[in-house]
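Novice: predicted coordinates and the sequence they were generated for:
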Amino acid sequence: MTPEHCWFGLWAGWGGFSPGSPLRVRPKTFKERRAFRAEMRREQRQMEIERKHLGAIPKAEGGHGRDYLLFQGPVEAAPSFEPMDGSHHGSPSLWWSKDHAWIVATEIDGLSTFVAGSHEAVADIVAHPDLEALEVTREMGIG
């Protein structure tokens, strides 16, 4: 296994990895509107900074309209992704070793995670007492 050199593909569609918030409350009084406009200008500046940072992250097209932000690091980094909005959608959907010895894939709308690798690696996962794991083949459906 090659845990020190991994790629992580984080679905770009998670809202926590987009600048700004889609929710707005419309102010009622003049004073509230003035404060609201000032806050909106601050948020716009912050969104431009976030957009610049997000724009610098390499991306990959994943098919079915699923684009991914790409990151590199050791395998221990997999659980460390934190979205900007504090939501729980911080785990990479895809992660794999640089030498392509294995890959972990979790469908965005799915309930399972799939690991592909050597027979020995898969056997170790299936035998692990803390994991609920089954060995599957390419021919088996996931529905």
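Specialist: Structure received.
Novice: so for stretch 127-138, what gets flagged as buried?
Specialist: Of all the residues in stretch 127-138, those buried under the rule 16 or more other Cβ atoms under 10 Å are A133. From N, CA and C alone the C-beta is placed, and that goes for glycine too.
Novice: kindly report the same for stretch 108-125.
Specialist: V115, G117, V122.
Novice: need the contact partners of that stretch.
Specialist: 1, 11, 13, 66, 93, 101-106, 131, 133, 135-136, 142 (Cβ atoms under 8 Å, 6 or more residues apart in numbering).
Novice: which of the residues you listed count as buried?
Specialist: Buried members of these, counted by 16+ other Cβ under 10 Å: W11, R66, S93, W102, I103, V104, A105, T106, A133.
Novice: rounded mean pLDDT for the longest helix along the chain, please.
Specialist: In the chain, taking DSSP state H as the definition, the longest helix is helix 30-55. Helix 30-55 shows a mean pLDDT of 81.
Novice: average pLDDT for the helix or strand just after it?
Specialist: Counting by DSSP states H and E, the next helix or strand C-terminal to helix 30-55 is strand 59-61. Mean per-residue pLDDT for strand 59-61: 84.
Novice: would you mark the buried spots in the lowest-mean-pLDDT helix or strand in the chain?
Specialist: None of the helices or strands of the chain scores lower by mean pLDDT, DSSP states H and E than helix 30-55, at a mean of 81. Residues F36, M47, E50, L54 are the ones in helix 30-55 that count as buried (16+ other Cβ under 10 Å).
Novice: how far does that helix sit from the chain's center?
Specialist: In terms of Cα atoms, centre = their mean, to the nearest Å, the centre of helix 30-55 is found 25 Å from the chain centre.
Novice: now stretch 93-108
Specialist: For stretch 93-108, the distance to the chain centre is 12 Å (Cα atoms, centre = their mean).
Novice: partner residues bridging L69?
Specialist: For L69, the beta-bridge partners are L10, K59 (DSSP bridges).
Novice: tell me who's in contact with the nearest residue to E76 once chain neighbours are set aside.
Specialist: In this structure, E76 finds its nearest non-sequential neighbour in P3, 7.3 Å apart by Cβ to Cβ, 6 or more residues apart in numbering. Contacts for P3 (Cβ under 8 Å, 6+ apart) come out as P74, V75, E76, S97.
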